[in-house]
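K.L.:
Return a 3D structure for these sequence lines:
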Amino acid sequence: MSELHELGLVELAAALRRRDVSCVEVARATLARVERLNPAVTAIVDRRDPDAVLAEAAARDDEAAAGRWRGVLHGVPQAVKDLAEVAGQPFTAGSPVFRERVGVVDAPHVARMRAAGAVFVGRTNTPEMGFGSQTYNPVHGVTRNPWDPTRTVGGSSGGAAAALACRLLAAADGSDYMGSLRNPAAWSSVNGLRPSRGRVPGSPGFVAQLGEAGPMARSVTDLAALLGVMATGAPVGPLDRADPLDLTDLRPAEPTALRVGWLGDLGGRLACEDGLLDLARLGSVDVFAGLGAAVEDVVPPFDLDALWDAFLVWRWWNACEMAPLLEHHRDDLKPELVWEIEQGLRLTGLQVHRAAAVRAEWYRAAAGLFERFDVLVAPATQVHPFPVEVTWPRAIAGRTMDTYHRWMETVAPWSMAGVPAMGVPAGFTPGGLPVGVQVIGPPGGDRRVLEVALVHEAATGYARAVPPLAA
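P.N.:
Numbering: from 1, shown residues only. A predicted model of the protein is given here:
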């Protein structure tokens, strides 16, 4: 058991349950590896006192000795993304405004992870308040890409993705509003699932905003195991899904029966870095085609300009909850966040109503695509990992980006539809940087996405590659 860090969640849980290794031994090995590798990437921040971690791990050992086994996370070290509240741990959200804030209660999915036996070792880094697909903030600094530390790992679940790639964690939670599980997964060569709307409890309110908590892991099986923890339980909010997610006997789909739609650049709509689409297609739908699947190019029959405009309204509306910060903390906030809040404050009720109508129309159109296809596949990003000094790409292939997040438009439609979308590894550039795609399923089709991802994983094995930093 000398290479504990190489074990995925399911393997590690099995070793702990057999008591081949103790929870304390796993915690000690994790703390040592984090101490050695984390300074190079800044994946895990606000690390807990080692003695407290070891004491918690010892308590899990005592429970196991007494025959009490909490679940797949029993004794497994975890670090929760710093956008989710964890009782008793720092909760900065990467903002100087909240530098001294400490969590009071566990977020719903965190409570489920704790109940399943997780041993929390710290938080994972995120952009300030989660805004932007580049993980940097003035509290903890920048999270670097394990495949090339001069490059970004993406965001906003960048700390979680880097921790997985570096083998600091066996699985990790994240969240996704505009690709925040899919983008960093693509740039770390790991998996990240944005589940169906409401699959994992989040906001307790009556407005279906676009953020979803979800799992990340190096293998599909490990991701499914963590999803099972995060999604199992009674609904917490009024819009949470009530249908149970059955992940028992999860197996790869039959590839020869698959109908796969390739979205590409949406018929030339998306600006993409030269060569990216070819690599993404080669490492995804060409793989499915080689296994016997029917693959077809598709552009959704919808006004995608109207959809993008509606997405902006939803995002601005979401930012309104932070409006009180402008009065006393404007100078402490990143300019992109100030812009989002100010745009939100200018919205009218009619604009929100129209955006809601467009979203409803888009849901129907998106759901209709799955009458023709079992899954859709799209690039997870429109550029390759860029230098960490760049906050966001101002132009792609000669086309100017008109907002700080237009370069991630490829993920926005599927956030708006609320359908499951999984970032999966799809190969590497000639320079060794990871490439990733989204595997998108029908409403509620989380299991289907996982079954198709298993097919791809078995055929490629991209996620088994180890970045030089972690070797």
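K.L.:
helices and strands of the protein: which one has the lowest mean pLDDT?
P.N.:
Across the helices and strands of the chain, the lowest-confidence element by mean pLDDT, DSSP states H and E is helix 325-329, at a mean of 95.
K.L.:
so what does that helix touch, helix or strand wise?
P.N.:
Other elements packing on helix 325-329 under the criterion 3 or more CB pairs under 8 Å, 6 or more residues apart in numbering; DSSP states H and E are helix 335-345. From N, CA and C alone the C-beta is placed, and that goes for glycine too.
K.L.:
tell me which residues in the helix it packs on are buried?
P.N.:
Buried residues in helix 335-345, defined by neighbour count with 16 or more other CB atoms under 10 Å: 336-341, 343-344.
K.L.:
Redo the residues you listed as a markdown table? Include pLDDT.
P.N.:
Below are the buried residues of helix 335-345 laid out as a markdown table (pLDDT from 0 to 100):
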| residue | pLDDT |
| --- | --- |
| 336 | 97 |
| 337 | 97 |
| 338 | 98 |
| 339 | 98 |
| 340 | 98 |
| 341 | 98 |
| 343 | 98 |
| 344 | 98 |
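K.L.:
could you dump those to TSV with distance to residue 137?
P.N.:
Putting these into TSV (distance: CB to CB, whole Å) gives the following:
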residue	distance to residue 137
336	12
337	11
338	15
339	17
340	15
341	17
343	21
344	21
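K.L.:
Am I right that residue 447 sits in a strand?
P.N.:
No: note on residue 447: no strand contains this position according to DSSP: H, G, I helix; E, B strand; the rest coil, which reports helix.
K.L.:
Residue 228 and residue 44, how far apart?
P.N.:
24 Å (CB to CB, to the nearest Å).
K.L.:
So which of those two has more stuff around it?
P.N.:
A direct count of neighbours by other CB atoms under 10 Å for residue 228 and residue 44 places residue 44 higher, at 29 against 19.
K.L.:
residue closest to the middle of the chain?
P.N.:
Taking CA atoms, centre = their mean, the centroid of the chain lies closest to residue 181, which sits 1.7 Å from it.
K.L.:
Run through the residues that contact that residue.
P.N.:
Neighbouring residues of residue 181 by CB atoms under 8 Å, 6 or more residues apart in numbering: 157, 174-175, 192-194, 212, 214, 216, 423.
K.L.:
the helices in the stretch 101-250 of the chain, which residues?
P.N.:
When secondary structure is read from DSSP state H, counting those that start in this stretch, the stretch 101-250 of the chain shows helices at 108-115, 158-165, 182-188, 220-231.
K.L.:
of all these, which lies closest to residue 377?
P.N.:
Ranking the helices of the stretch 101-250 of the chain by proximity to residue 377 (CB to CB) places helix 182-188 first, at 12.0 Å.
K.L.:
tell me what the closest one is packed against?
P.N.:
Judged by 3+ CB pairs under 8 Å, 6+ apart, the packing partners of helix 182-188 are helix 158-165, strand 191-194, strand 421-428, strand 434-440.
K.L.:
Let's have those in CSV, adding mean pLDDT and distance to residue 97.
P.N.:
Compiled in CSV, the helices and strands packed on helix 182-188 are given as follows (pLDDT from 0 to 100; distance: least, CB to CB, whole Å):
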stretch, mean pLDDT, distance to residue 97
helix 158-165, 98, 19
strand 191-194, 98, 27
strand 421-428, 98, 30
strand 434-440, 98, 32
